[in-house]
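# can't give you the sequence, but here's the structure:
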């Protein structure tokens with residue numbers, strides 16, 4: 001992968017390499033292969049705003065640093081969502097004796113966030129969507 005050259009921004013005290021080094025250090029310190037914005041703001045020396053100014057966002061910075069980044073996927077096949085949900089359900093049922101909560105998606109490193117499941121989990125949403133699509137010519 002070809003690295004793009006980024007110069008120090010005027011008025012800023014960090015070089016791009018210092019930012020990338022800090023992201024790698026923070027990930028190592030937390031024992032993770034990827035970071036979230038909240039973790040950068042709480043544990044890194046640089047703030048997410050600085051990362052965004054230099055790299056355009058956390059995903060690009062993580063890739064430049066050689067760390068993993070969450071891939072945003074749309075139109076995930078229903079069987080993949082169901083498989084992941086069943087896996088999460090089994091895990092929370094065996095550990096907590098209950099159904100999974102939204103917070104369990106992050107706690108147990110689910111493949112997908114809450115958004116892909118939204119149409120399935122919000123009562124009436126799927127029915128309303130179906131009714132609206134039926135009215136369109």
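Happy to help now that I have it. Computed from a prediction, not measured in an experiment: that's the story for all the values here. Numbers count the residues shown, from 1 in each chain.
# how does the protein divide up, domain by domain?
The record's domain parsing of the chain by automatic domain parsing lists 1-71, 78-135.
# Give me the below-cutoff pLDDT ranges for the protein.
Judged by pLDDT under 70, the chain has its weakly predicted residues at 1-12, 70-74, 117-137.
# Would you indicate which residues of the helix or strand hosting residue 50 are buried?
Element membership for residue 50, per DSSP states H and E: helix 48-55. Within helix 48-55, the residues that count as buried by 16 or more other Cβ atoms under 10 Å are 48, 50-51, 54-55. From N, CA and C alone the C-beta is placed, and that goes for glycine too.
# for residue 17, helix, strand, or coil?
Secondary structure, DSSP: H, G, I helix; E, B strand; the rest coil: residue 17 is helix.
# Show the contacting residues for it.
Contacts for residue 17 were tallied using Cβ atoms under 8 Å, 6 or more residues apart in numbering; there are none.
# Residue 38 and residue 47, how far apart?
Computed with Cβ to Cβ, to the nearest Å, the distance linking residue 38 and residue 47 is 12 Å.
# Neighbour count for those two, which is higher?
residue 47 (13 against 9; other Cβ atoms under 10 Å).
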